[in-house]
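>>> The following block contains a protein sequence and its predicted model.
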Amino acid sequence: MNSKYPYIRRITPNELAEFLNAKGVSHHSFKCPICNNEHHTLIDNMPIEDDKSDVNVVLQPVLPAFVYPRAEELKNAIEKKDYPEHYQHLTQGPILGLVNQAIYREVIHLTCDNCGYVRTFSKDSIIQWLVDEGKF
Ligand SMILES: [Zn+2]
């Protein structure tokens, strides 16, 4: 782990291997489903600046999603009080103006070193497993 960026925890190859073993992944099922290659590269967050920089900025792979209804429709629905109850927290004062229409799930990728096929894992699932195992 790069201690320079402690606020965004990186998953190490060993942690991913332990996680996958614990989840029943076999040597056979780990192979690339496209070309059967066994060698992959783990892609997690990476610093934008070089090692000599003091800027603590990283790029984290994510799965993006948009929130519907969009801002204008949500505003109209709130004015008409026409929204599901779990949207209640979005209707409290200034928060409405700050509703972000895009949400993200942090992920890591495994890229096949031969054909480039990319597999994606939810980082939350791995981190939760590490926490449960006392390894985080
Ligand atoms: Zn492959």
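Structure received.

>>> I'd like the next helix or strand past the helix or strand of the chain with the lowest mean pLDDT.
In the chain, no helix or strand scores lower on mean pLDDT, DSSP states H and E than helix 71-79, which sits at a mean of 77. Later in the chain than helix 71-79, the nearest helix or strand by DSSP states H and E is strand 102-112.

>>> And the contacts of that next one?
Applying Cβ atoms under 8 Å, 6 or more residues apart in numbering, the contact partners of strand 102-112 are 11, 16, 32, 34-35, 37, 39-44, 60-67, 117-124, 126. Where you see a C-beta, it was placed from the backbone N, CA and C, and this is true even at glycine.

>>> Show me what the next helix or strand after that strand is packed against.
Using DSSP H and E, the next helix or strand after strand 102-112 towards the C-terminus is strand 118-122. Strand 118-122 sits against strand 102-112, with contacts defined as 3 or more Cβ pairs under 8 Å, 6 or more residues apart in numbering; DSSP states H and E.

>>> any idea of the angle the strand it packs on forms with strand 118-122?
If you take axes from the mean of the first three to the mean of the last three Cα atoms, to 10 degrees, strand 102-112 sits at 130 degrees to strand 118-122.

>>> Which positions within strand 102-112 qualify as buried?
106-108, 110-112 (16 or more other Cβ atoms under 10 Å).

>>> now swap in stretch 14-24 and tell me
15-16, 18-20.

>>> distance of the residue nearest the centre of the chain from the ion?
Taking Cα atoms, centre = their mean, the centroid of the chain lies closest to Glu106, which sits 0.9 Å from it. As judged by Cβ to the ion, to the nearest Å, Glu106 and the ion stand 24 Å apart.

>>> dump the residue contacts of the nearest residue to that residue once chain neighbours are set aside.
Excluding the flanking residues, the one nearest Glu106 by Cβ to Cβ, 6 or more residues apart in numbering is Lys123, at 4.0 Å. Neighbour list for Lys123: 11, 44, 105-108 [criterion: Cβ under 8 Å, 6+ apart].
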